[in-house]
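*Asks:* Starting from these lines, generate the structure:
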Amino acid sequence: MAIDRRTRAATESLTFLAVSAGILVLLNLLGTFAFHRFDTTERRLFTLSEGSKRLAASLTDDLEVTAYFTEDLPAPFNATEIYVRDLLEEYTAVSNGRIHVTFVHPDDDDTREAAQTDGVSRVQHLDYESGTLKEGYRGLVMHYLDKTEVVPVIEDTSGLEYLLTMRIKKMTGEQREIGVLGGHEGPTLTKGLSRIQACLPMYRLREVQATEEISRDLAALLVAEPHTTVTETELRRIDQYVMNGGSLAVLGGSMKIDLEGMEPAAVPVDTGMNRLIRHWGVTVEDGIVADARCERAPLQTNIGPLPVRHPPLPVVTFDEAQSEHPVLFRLDGALLPFTSDLNLVGGLNDDEVTVTTLARSSEQSWRMEGDSISLRPKLPREWTMEGPSGPFALIVAIEGKLPSAFAASGAMSGEGDEGGSDIEAPPRARRSVRVLVTGGAFFMEDPAVPPTDRGGECQMTSNLAFALNAVDWLAQDSDLIAIRAKNVEDPPIEVPENVEQAEDAARTAAEEAVAAHQEQDTERRDEAIAERDRALERRKEAVKAWDARKEMYRWGNMLGIPLVFGVFGLVRWQIRKSKRKNIKI
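*Replies:* Prediction:
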């Protein structure tokens with residue numbers, strides 16, 4: 001009798017385990033074929049964006065992809081092929097059978113020759129364990145109709161979806177034109193905007209003159225930091241372009257920035273652009289915004305360059321609502337160098353127009369004013385918060401059926417030249433239009449945009465993503481915006497406040513020591529060095545405590561969860577054991 005009960009209990013347990021295992025296998029198969037994989041990352045790094053899915057599903061002909069990967073590449077390159085396979089499977093799954101992928105291992109002369117013919121480069125890979133170099137391939141080529149796109153070397157898998165989707169869009173569609181207003185001594189396509197142009201393969205930037213009618217075929221018009229007066233005729237042409245449904249970006253235009261001389265400076269200029277955009281609720285103010293929350297710049301000293309905080313380089317953070325706007329989509333912040341502030345003049349009171357402030361300086365910001373504003377890096381104690389205090393609006397987006405700036409009168413408030421009064425424009429935009437106004441254009445000029453890598457690809461930074469998002473939003477092509485957000489560098493680990501305070505104190509003391517050394521004040525220099533050493537010691541202790549806390553979290557993750565499951569199993573076993581003891585026959 002007891003043996004029968006034990007046999008029956010054992011049979012039931014084995015049956016339960018078999019059924020459970022079968023259910024897990026079925027769920028795994030279902031997840032593999034129905035859902036492919038789950039992505040729990042914050043930015044959905046391993047899931048195709050909707051824009052990529054729409055593009056793949058919209059293909060009208062076959063897209064052939066050939067990926068060349070050498071086997072047994074050293075780490076970390078040996079994981080690249082797996083990632084590329086998974087990503088291309090995602091594209092294939094949503095392409096309605098239009099995308100065909102072939103993987104080739106170039107392990108003989110014929111396949112190596114095919115890779116070279118297709119434009120895939122042979123590169124060297126360092127094996128860190130053995131210290132040897134191994135040559136191999138990790139690139140791909142795509143053919144669509146009569147067009148070909150080559151990725152000679154896949155440098156970084158983190159930006160691969162953006163790269164592939166952008167290349168596919170380039171093959172399946174025509175380049176749209178973006179106009180850049182010329183003739184006013186601002187940045188040009190050859191000097192100032194060459195790097196941003198290289199990062200916009202979906203668009204062709206060309207210089208346009210506003211002395212004649214601006215083509216309605218332009219996806220957008222950029223007015224980037226003009227340094228001379230924009231005449232009323234030109235303003236009327238720009239207004240006419242917007243009223244006919246065009247998108248406009250006004251990037252600065254109140255200050256002339258000169259960083260090439262011995263004394264870098266900003267000088268106010270009256271370009272007249274405010275005469276246009278004030279009718280849409282905003283103007284660009286004279287002056288340069290300085291902010292205690294800023295980037296560092298090199299200060300030249302007797303002992304070499306010293307990085308010091310430079311308030312004319314404000315670092316702006318975006319709140320949750322701002323980072324949901326397409327221009328700033330999922331960006332945590334950006335660097336806005338040498339920017340002026342914007343004044344929301346009000347008075348628009350138009351239900352068909354929305355004016356949104358996308359970015360502001362911090363509470364510790366102020367406006368530097370004057371006929372010539374020095375932009376030279378200085379020691380922190382040399383900066384004084386003189387002038388109007390912030391926060392200031394730095395980026396404004398305007399959207400809707402804007403009224404014409406010339407709807408009420410023949411001339412623009414009687415200012416400037418009287419030419420162009422015969423230029424006709426609708427009293428209100430024919431359709432909803434987009435206007436972006438920023439305090440400057442330096443964020444998208446060559447010094448602020450990283451150079452392309454050896455494969456011709458752009459390194460995605462927050463500033464570059466902001467600039468590219470702005471162009472896409474103006475051109476009303478948002479498919480790449482969500483993909484681009486995945487590739488922006490991860491926000492830095494949040495450092496404890498006591499560590500940051502100790503680091504700031506150490507830097508300030510070091511800067512003071514340099515200043516005292518230059519002034520030959522030995523006593524003050526020694527005091528500053530002693531304070532620096534004390535601050536470094538405080539930092540050492542704070543970092544030690546921070547490391548201990550991180551180590552505790554690490555061991556908690558490694559052992560805590562298994563321990564919880566183990567305790568749960570022991571408790572359940574004890575409960576079942578007690579129940580068996582209480583069974584009466």
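
*Asks:* buried stuff in the longest helix that the chain contains?
*Replies:* Among the segments of the chain that qualify as a helix by DSSP state H, the longest is helix 522-555. For helix 522-555, the buried set under the neighbour-count rule, 16 or more other Cβ atoms under 10 Å, comprises 525, 528, 529, 531, 532, 535, 536, 538, 539, 542, 543. C-beta here means a position set from N, CA and C on the backbone, and glycine is covered the same way.

*Asks:* Looks like the fourth one contacts residue 510 (just checking).
*Replies:* In other words, residue 531. No. With contact defined as Cβ atoms under 8 Å, residue 531 and residue 510 do not form a contacting pair (9.3 Å).

*Asks:* and the gap between the residue nearest to residue 248 when sequence neighbours are not counted and residue 260?
*Replies:* In this structure, residue 248 finds its nearest non-sequential neighbour in residue 435, 4.8 Å apart by Cβ to Cβ, 6 or more residues apart in numbering. Residue 435 sits 31 Å away from residue 260, going by Cβ to Cβ, to the nearest Å.

*Asks:* Next: residue 96.
*Replies:* Taking Cβ to Cβ, one finds residue 96 at 54 Å from residue 260.

*Asks:* Looking at those two, which is more packed in?
*Replies:* The neighbour comparison of residue 96 against residue 260 (other Cβ atoms under 10 Å) goes to residue 96, with 11 against 6.

*Asks:* How many residues are close by the closest residue to the more buried one other than its chain neighbours?
*Replies:* Sequence neighbours aside, residue 57 is the residue nearest to residue 96 in space, at 6.0 Å (criterion: Cβ to Cβ, 6+ apart). The number of residues packed near residue 57 is 12, by other Cβ under 10 Å.

*Asks:* got a list of what residue 57 touches?
*Replies:* 94, 95, 96 (Cβ atoms under 8 Å, 6 or more residues apart in numbering).

*Asks:* again, 10 Å this time
*Replies:* 91, 94, 95, 96, 98 (Cβ atoms under 10 Å, 6 or more residues apart in numbering).

*Asks:* Check residue 94 too.
*Replies:* Contacts of residue 94 (Cβ under 10 Å, 6+ apart): 48, 52, 53, 54, 55, 56, 57.

*Asks:* Quick check: what element follows the helix or strand bottoming out on mean pLDDT in the chain along the chain?
*Replies:* For the chain, using mean pLDDT, DSSP states H and E, the weakest element among its helices and strands is helix 2-30, scoring a mean of 62. Counting by DSSP states H and E, the element after helix 2-30 in chain order, helix or strand, is helix 50-57.

*Asks:* That following helix: which residues count as buried?
*Replies:* Applying 16+ other Cβ under 10 Å to helix 50-57 flags 51, 52, 53, 55, 56 as buried.

*Asks:* Over to stretch 162-176?
*Replies:* So stretch 162-176, judged by 16+ other Cβ under 10 Å, has buried residues 162, 163, 164, 165, 166, 167, 168, 169, 170, 171, 172, 176.

*Asks:* Which elements pack onto the helix or strand the fifth one falls within?
*Replies:* When elements are assigned from DSSP H and E, residue 166 belongs to helix 160-172. Secondary-structure packing of helix 160-172 (3 or more Cβ pairs under 10 Å, 6 or more residues apart in numbering; DSSP states H and E): helix 50-57, strand 63-69, helix 80-93, strand 132-144, strand 147-151, helix 479-487.

*Asks:* Those: which one's closest to residue 207?
*Replies:* helix 479-487 (24.2 Å; Cβ to Cβ).

*Asks:* Would you mind splitting the chain into its domains for me?
*Replies:* Domain assignment for the chain by automatic domain parsing gives 50-169, 177-487, 497-568.
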